[in-house]
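Visitor: Structure of the sequence below:
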Amino acid sequence: MKILLVQPAKPEKALGGEDFSIFEPLALEYLAGGVAGDHDVRILDMRLDHDLDFHLRDFQPDVVGVTSYTVHVNTVKRLFQQIKAFNPDVFTVVGGHHATVMHQDFYTPCIDIIVMGEGVFPFREVVLRLEKKKDLAGIPGVVCMENGPIVIPQGNQNSDLDALPFPRRDLTADYRKSYFSEWMKPLASIRTSKGCLFRCKFCALWKLTKGRYLTRKPECIVEELGTIGEKCVFFADDESLLDTKRMGVLADLIQRAGIRKRYFLYGRSDTVAKHPELIEKWKEIGLERVFVGLEFMRDADLKLIRKGSSVQNNATAVKVLKSLDIDIFPPSLSDPNSTVTTSQICGNTALTLILISSASRY
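Guide: Predicted structure coming up:
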């Protein structure tokens, strides 16, 4: 079977995403890695290549899968209309963050299956059943909507991230030089964990894992890092530093393996503030940039959004990172000539952080 996996572009008037950075489509690379059997898989990154019609004509896919954040919902539905207009027999599948939290938004005749949650193994099962012409309704846990799509809910998902295959990065070879975050280019991505233990009101990421913090074994991460050719690597985690002991072990293993990269990861300000020795260790092996969610300049506001941190943590984290010459994202935080105070920065970045983080994971 021929399987086309599509990373959509954001709407032209939406803020975020490729306006600031373009990360490799890890979700699709994982799906491709999980497809069993002798199938022909192609990844189309529409942030860089907008010609879906060409790929439909050239590839003649049997199955098209599209991932979606909230910002992509209307765009994705239009893509599926385009796909079905090209060939009504193409089997269409949607997944991703929005399909997980608001699957009802994809109830449309143009979509055959909605996959909620971690999609690698459900998608493998869908492809297997299509290949053998078996009933899709027989997939455990599926919900068949009347005159609508088949929904595969989260159910009891496998929490072992190391059970997942390595992403098929070879399928994005034509795009890889274009993946970036400002000066970090070309930029590869790797996932080392998923979920978060905190319950910030503005964030839905912890809901995707039902409040659990899932991690990969450091040895598996190092093995995958060894297969990545790019010098710059983004940790596409919801929160990279929560398990400080694990991150210390990972740093030691990376150093022992002689892997030298330029790293960019997410870190809570309280973790950075309370564990400067861990940040220093990561600086020694190549950490160059940390995305820090400071949000607000008042403790009352941080409490309101259930951040679980404090203004003092924010100020200390900025001090720790600047003392180590680690770039702080957003970029204004790392400008040595800025006269803006830490408190002012905390107050002005909340909206920016929310908009960017909603479209930059994987």
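Visitor: all strands of the stretch 251-362 of the chain, in order?
Guide: Secondary structure of the stretch 251-362 of the chain by DSSP state E, counting those that start in this stretch: the strands cover 262-266, 287-291, 327-329.
Visitor: Got the domain ranges for the protein?
Guide: 2-152, 179-357 (automatic domain parsing).
Visitor: List just the one of those domains that sits closest to residue 161.
Guide: Closest approach to residue 161 among those (C-beta to C-beta): domain 179-357, 4.7 Å. All C-beta spots, glycine's among them, are computed from the backbone N, C-alpha and C.
Visitor: quick revisit: including distance to residue 163 and mean neighbour count, could the domains of the chain go into JSON lines?
Guide: Shown next, in JSON lines, are those (distance: least, C-beta to C-beta, whole Å; neighbours: other C-beta atoms under 10 Å):
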{"stretch": "domain 2-152", "distance to residue 163": "9", "mean neighbour count": "18"}
{"stretch": "domain 179-357", "distance to residue 163": "10", "mean neighbour count": "18"}
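Visitor: ranking the ones you listed by mean pLDDT, which is last?
Guide: Mean pLDDT is lowest for domain 179-357 among those, at a mean of 86.
Visitor: chain center to it, what's the gap?
Guide: Taking C-alpha atoms, centre = their mean, to the nearest Å, one finds domain 179-357 lying 14 Å from the centre of the chain it belongs to.
Visitor: same question, stretch 45-53
Guide: Worked out by C-alpha atoms, centre = their mean, stretch 45-53 lies 19 Å from the chain centre.
Visitor: Kindly check the end-to-end length of it for me.
Guide: End-to-end distance of stretch 45-53 (C-alpha to C-alpha, to the nearest Å): 13 Å.
Visitor: I'd like the distance between the closest residue to residue 291 other than its chain neighbours and residue 231.
Guide: Spatial nearest neighbour of residue 291, excluding adjacent residues (C-beta to C-beta, 6 or more residues apart in numbering): residue 329 at 4.4 Å. In this view, residue 329 and residue 231 are 18 Å apart by C-beta to C-beta, to the nearest Å.
Visitor: And the helix or strand containing residue 123, what does it pack against?
Guide: For residue 123, the element it lies in under DSSP states H and E is helix 120-131. The contact analysis (3 or more C-beta pairs under 8 Å, 6 or more residues apart in numbering; DSSP states H and E) places helix 120-131 against helix 26-34, strand 63-67, strand 91-95, strand 113-115.
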